[in-house]
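In: What follows is a predicted structure for the sequence shown.
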Amino acid sequence: MTIARLLAVFVFVIISAEVSATRILSLNPQGDPVGFGARVLDVSGNGRYAVLRAEALIAGAPNTVQIYVYDLLTDEVEMISVRPDGQASANAVADYDSPHSRVISSDGRYVLFQSVATDLVPAVETNGQQQIYRRDRQLGITEIMSVAGDRVTAANNVVYEYTMDCTGQQIVFRTLANNLTPEASGGTFLHQADAPPNSGVVTRKACRDVFGDFISCQNFSIGNGLLAFTSGSPNVSPDDPPGNDIFVGNVIAGNNILVTKDVGDIATSRSHSPPAGDCSGHRIAFTSNINIFFNPDGTFVRDLYAVDTVSGQKIRFGFPDAAGATLVNTTNRRATISDNGRLIGFTTDINIDPRDTNSSPRDSYFIELSSSFASYEFIYVGHWNDVPSDRNSFAPHLGDNGIAAFVSDSTDPAWPVTNGFGHAFANLPPNDFGIIFQGNFQQTP
Ligand SMILES: [Ca+2]
Ligand SMILES: [Ca+2]
């Protein structure tokens, strides 16, 4: 295994206060905030499509939670969790348990979701389990992804988290099912959606240790055949310290690189967020309490990091003052990343931007990295046309063009009246992103 070269990166930090604009996405056909609010699951790499989980966003939709794609260019909303005839599935879709990871391909064509419904792909016996499905928006078809190599035998036990790569062809999921591969055991599986049927590479187990044995791994992201994950198993890499760690490895063969490598004392308590990976698979963002880089506070507090496992570059993101205070904590423990790896979404209780004057325990921001990794800039997301949320803004997901979709339950009069439910909002990219959807963002509530 090649040991990545580790480079110290000296960063130059800017706070952006450029004018941007906000709009609400989770409206019903009458133009009112939809009942019970919405969640933002992802934004496509091209920045055009936001994936929402909500009730009845379009006319004729049932009052059950379904998956929708909001087209930020045309304002069209498309239901994703549909039967072959295009009508809503009889069942609500499952909650989404891996909010750091990708569920829409970069071009917006493929969308991944989980449901217990039996009417999405009626020919498949779902064994009474929630299964993973991929909607092809171009062809208007839905296929099951949590299946054996015959593409018919569905998982026979609980399916947990799921994600896919930027092309939408590599799907990773975790399940207790023992009927998917010859190993006849549960674990994490890679489903190659475009592999020839019965080719032997349609569905395979993933995550191995240094001995080549399959291990338990969780919280994954996948890009270009590289899997970022956490595992508490021993010997995941040659230098694996005791306890839970983040790794990036070849999804088939193993050959894992330890990402959460301690600088100085080895932390006995190891708490990490899920690693969020870009399309290349070798750049990830995450939070961790261990010190993987020079850390001004010298203690085991949680920090936000980005690591590139090919170049060896690492950055710890701190508050832009001399102390470099940590941006994150247990409440603000998750990070997201854009498909191009340049934008990193996070939430913080620190009012970094001058417009952010609230006392909210979490507000949405993202970091724009320069292409060289040598500098970065903070962009404030969780506001309504520059008015800060009076409550929380969270779950920022980012298009490569700087479009950010997030959730807020704000009730300040400057915001749409949302009855206290968390709703989906989109924030216009600041000036320097090259505005492509500006016309759509000139609306006021
Ligand atoms: Ca370990
Ligand atoms: Ca704030």
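Out: The structure has been received and is ready for your questions. Ligands and ions are numbered 1, 2, ... in the order given.
In: Which residue, other than its chain neighbours, is closest to Asn198?
Out: What sits nearest to Asn198 in space, not counting adjacent residues and going by C-beta to C-beta, 6 or more residues apart in numbering, is Gly149, at 6.0 Å. Yep, even glycine has a C-beta here, placed from its N, CA and C like the rest.
In: what's the answer for Thr336, then?
Out: Spatial nearest neighbour of Thr336, chain neighbours left out: Gly345 (3.8 Å); criterion: C-beta to C-beta, 6+ apart.
In: who's whichever residue of the chain sits closest to ligand 2 bridged to?
Out: When you check the chain against ligand 2 by C-beta to the ion, the closest residue turns out to be Asp363, at 3.7 Å. In this structure, Asp363 bridges to Thr348 when assessed by DSSP bridges.
In: Can you say which helix or strand has Gly35 in it?
Out: In the assignment (DSSP states H and E), Gly35 maps to no helix and no strand.
In: circling back to that earlier point, burial of the residue nearest to Thr336, as a residue count?
Out: Other residues near Gly345 come to 27 when the count uses other C-beta atoms under 10 Å.
In: Mind telling me what element it is part of?
Out: Assigned by DSSP H and E, Gly345 belongs to strand 343-348.
In: Just give me the neighbour total for His282.
Out: By the other C-beta under 10 Å criterion, the neighbourhood of His282 contains 20 residues.
In: isn't it right up against Ala306?
Out: No. The pair His282 / Ala306 is not scored as a contact, 11.3 Å apart, by C-beta atoms under 8 Å.
In: Can you check what pLDDT the model gives the residue nearest to Asn198?
Out: Gly149 is assigned a pLDDT of 94 by the prediction.
In: ends of stretch 260-279, how far apart?
Out: Looking at stretch 260-279, the gap from its leading to its trailing residue is 21 Å under the measure C-alpha to C-alpha, to the nearest Å.
In: do stretch 168-178 as well
Out: Rule used - C-alpha to C-alpha; the end-to-end distance of stretch 168-178 is 25 Å.
In: Only the buried residues of that stretch, if you could.
Out: For stretch 168-178, a neighbour-count test (16 or more other C-beta atoms under 10 Å) marks Gly168, Gln170, Ile171, Val172, Phe173, Arg174, Thr175, Ala177 as buried.
In: contacts for that stretch?
Out: Applying C-beta atoms under 8 Å, 6 or more residues apart in numbering, the set of residues contacting stretch 168-178 from outside is 104-105, 109-110, 112, 129, 132, 134, 145-146, 155-164, 184-194, 206, 217-218, 220, 222, 225, 227, 251.
In: give me the element Ile257 is part of.
Out: Using DSSP H and E, Ile257 sits in strand 254-258.
In: The very next helix or strand once past that strand pairs with which strands, parallel or anti?
Out: Later in the chain than strand 254-258, the nearest helix or strand by DSSP H and E is strand 276-277. Each strand paired with strand 276-277, and its direction, by DSSP bridges: strand 283-288 (antiparallel).
In: For the stretch 101-250 of the chain, just list every one of the strands.
Out: All strands of the stretch 101-250 of the chain, identified by DSSP state E, counting those that start in this stretch, fall at 110-115, 131-136, 141-144, 159-164, 170-175, 187-192, 203-205, 218-223, 226-231, 245-250.
In: TSV for these, including mean pLDDT and distance to ligand 2?
Out: What follows is the strands of the stretch 101-250 of the chain, written out as TSV (pLDDT from 0 to 100; distance: least, C-beta to the ion, whole Å):
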stretch	mean pLDDT	distance to ligand 2
strand 110-115	97	31
strand 131-136	98	36
strand 141-144	98	40
strand 159-164	96	29
strand 170-175	98	34
strand 187-192	97	36
strand 203-205	96	43
strand 218-223	97	27
strand 226-231	98	28
strand 245-250	97	27
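In: With distance to ligand 1 added, can I get these in a markdown table?
Out: As requested, the strands of the stretch 101-250 of the chain are exported to a markdown table (distance: least, C-beta to the ion, whole Å):
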| stretch | distance to ligand 1 |
| --- | --- |
| strand 110-115 | 29 |
| strand 131-136 | 28 |
| strand 141-144 | 34 |
| strand 159-164 | 20 |
| strand 170-175 | 18 |
| strand 187-192 | 17 |
| strand 203-205 | 20 |
| strand 218-223 | 13 |
| strand 226-231 | 7 |
| strand 245-250 | 4 |
